[in-house]
Each structure stands twice: as structure tokens, then as C-alpha cells.
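Structure for this input, please:
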Amino acid sequence: MQRQFFFSAAMALVLMLMGSLAQAQSDPRQVVMDAVDRMTTRIDAEREQLKADPERARGLVREELAGLVDFKRITRMVMGDYFGHSSKEQKYRFLEVFKNSLINTYASGITLYEGQQITTLPMQEGDLRGDYARVRMEIQTNTGKTIPIFYTLFSRDGQWKVINVYVNGLDLADTFKSQFAQGMEQYGDMDKVIDNWTADANIDAGLDSEEGSKE
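Below you'll find the predicted structure:
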């Protein structure tokens, strides 16, 4: 249970960082460092209100994400081969369902950040390739465990936008893509997959698998 709660907190941190990553700066690493400072300050300042009002927490996460994460690119990745077989209405409906599912799932974890150490690692060779960048981070848990996180970003019109996140080796876009494909196998109907979509179950299962292999 503690592991699941920490993962929710880490993912809330990831989502909130995504919002600031869209700033028009040429150094993705510096953008992440600035985002950490701004995000943690906001959580500390609004902690009691966020605990008392889940809607405020969802609104805070939504503010950080609105228009700044490349949800169109991400949802296309998640739908995979089914993207080309879906209607325009289905594409946009899934985009909204996917985004709202992430917001609702991880807004509940934002106050679980209570000063855990966050380190943005130096850029290495290969972390910046044309319009793509990788920014790596480590979060120290209360038990002393280090959780590696890195973001894949794409630059368009001078703005960096997140298109994927890896948490403790877990590829979130690939995890969601598998979840969507499994839904299509189960229901055989895209509208039913969209109607029944949740963003949390398969992530927690995947994290348990990753951690179990290291114990």
C-alpha cells in the first residue's frame, strides 16, 4: 500500500512538472529544475487546502497540464494501430477521457510530497538529439529508496512538450498502449474501450512487477 501511495505521489509530481516543461527554453534540464522549485513551493503553500478539497487538487493539476503536454501525440501512441481505424470523434473523445483519467488518478497524490529529495541529473551524450530530448531525475523515498524517472520531450515552435515518461524503468506510453490493445481484445468495440478506460490499474501492476523483479 505504501508503495502504491508513493507511486501516486511520484506520478503527480511527474504530471505537474510536465506543465512547466513547455516553456520556450533551449535547455530542457534547466526547465525541469525550475519546474521542481515552482511545483514544490506551490504544494507546500496550498497543502491544507489541497488535502481538504479534492476538486482543488484536480484543478491544480489541470492548470499545470492545460495546453502544455502534447496529449495529441501521446494518445496517438496509446491507441497504436487502432488510431487509423478510429473516427475523428473517437480520437478526440479518447484524448479527453485519457487526460481526465490521469488528472483524477494523480491529483489525489500531490500532497504525499513532503520534502523528499529530488535530483535532476546532468545531461549526458545522446540526451539531446535534434527536436527530441531526455531529462533524467531521481526521487528519494522516505525509506531511502531511489526512484529513477525520465522524460522524453519534443520541441515544436520553440516549446518543449512531454511525449512520454519512464518511472522506475516502466514505459508509461507502452503500458497504456498495451492496456488499450487489451481493451480492444476484451470488448471488440472502441467506444466501449473508451467508456471503460482508467489510467491507474495497469500502472500499479506494472510497477509491482518491476519492483518484484529487483527484490
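
then the longest strand along the chain to PDB, C-alphas only?
Under DSSP state E, the strand in the chain containing the largest number of residues is strand 146-156. Listed next in PDB are the C-alpha coordinates belonging to strand 146-156 (Å, rounded to 0.1, in the frame of the first residue of the first chain):
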ATOM      1  CA  THR A 146      15.800   5.900  -5.200                       C
ATOM      2  CA  ILE A 147      13.200   6.100  -7.900                       C
ATOM      3  CA  PRO A 148      14.600   7.000 -11.400                       C
ATOM      4  CA  ILE A 149      12.300   9.000 -13.700                       C
ATOM      5  CA  PHE A 150      13.000  10.400 -17.100                       C
ATOM      6  CA  TYR A 151      11.000  12.300 -19.600                       C
ATOM      7  CA  THR A 152      11.000  12.200 -23.400                       C
ATOM      8  CA  LEU A 153      10.400  15.700 -24.800                       C
ATOM      9  CA  PHE A 154       9.700  17.000 -28.300                       C
ATOM     10  CA  SER A 155      10.300  20.600 -29.300                       C
ATOM     11  CA  ARG A 156       7.900  22.300 -31.600                       C
END
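
Quick check: the gap between the residue in the chain sticking out farthest from the centre and residue 181.
Largest separation from the mean C-alpha position in the chain: residue 188, at 27.4 Å (C-alpha atoms, centre = their mean). With the distance defined as C-beta to C-beta, to the nearest Å, residue 188 ends up 12 Å from residue 181. Where you see a C-beta, it was placed from the backbone N, CA and C, and this is true even at glycine.
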